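# pasting the structure only:
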C-alpha cells in the first residue's frame, strides 16, 4: 500500500476536495493479490487502489480516473500502428 500510495503521489494523482464543496469524491477500496511462483511459494504481494466506478457521473468525474497499468499487447499494438503510419 505504501508503494502504491507513493506512486500516486509521485504522479500527482491526488486532488484535495473540500468536504462540502461542489464536487463529490469517489469512494475507493484496496484490492490485494498474492502472486505465487511455480513452486507455490509467495513471489510478491500486490496492492492496488481502485475507484468504485458505479459512483462516477458522466461528464463530471467520468474522465478523471487514472490507471498506472497498461497491457503489453496494447502497447505493442500502438507502437506497431505508429510505425506503420510513419
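Now that the structure is in, tell me what you want to look at. Because the structure is predicted, anything quoted here is derived from the model rather than measured.

# identify the residue spatially nearest to residue 28, adjacent ones excluded.
residue 51 (5.0 Å; CB to CB, 6 or more residues apart in numbering). Backbone N, C-alpha and C define where each C-beta goes, glycine included.

# next: residue 52.
In space, and not counting its chain neighbours, residue 52 is closest to residue 27: 4.8 Å by CB to CB, 6+ apart.

# confidence score at that neighbour?
Note for residue 27: predicted pLDDT of 76.

# and if you look at residue 41?
If you check residue 41, the pLDDT there is 90.

# next, it: phi, psi?
phi -80, psi 160 (degrees, to the nearest 10).

# so which residues of this structure form helices?
2-10, 72-85 (DSSP state H).

# elements contacting the last one?
Using 3 or more CB pairs under 8 Å, 6 or more residues apart in numbering; DSSP states H and E as the contact criterion, helix 72-85 has no neighbours among helices and strands.

# what about stretch 10-19, average pLDDT?
Mean predicted lDDT for stretch 10-19 stands at 74.

# gap between the two ends of that stretch?
One end of stretch 10-19 sits 24 Å from the other (CA to CA, to the nearest Å).

# thanks a lot, see you next time.
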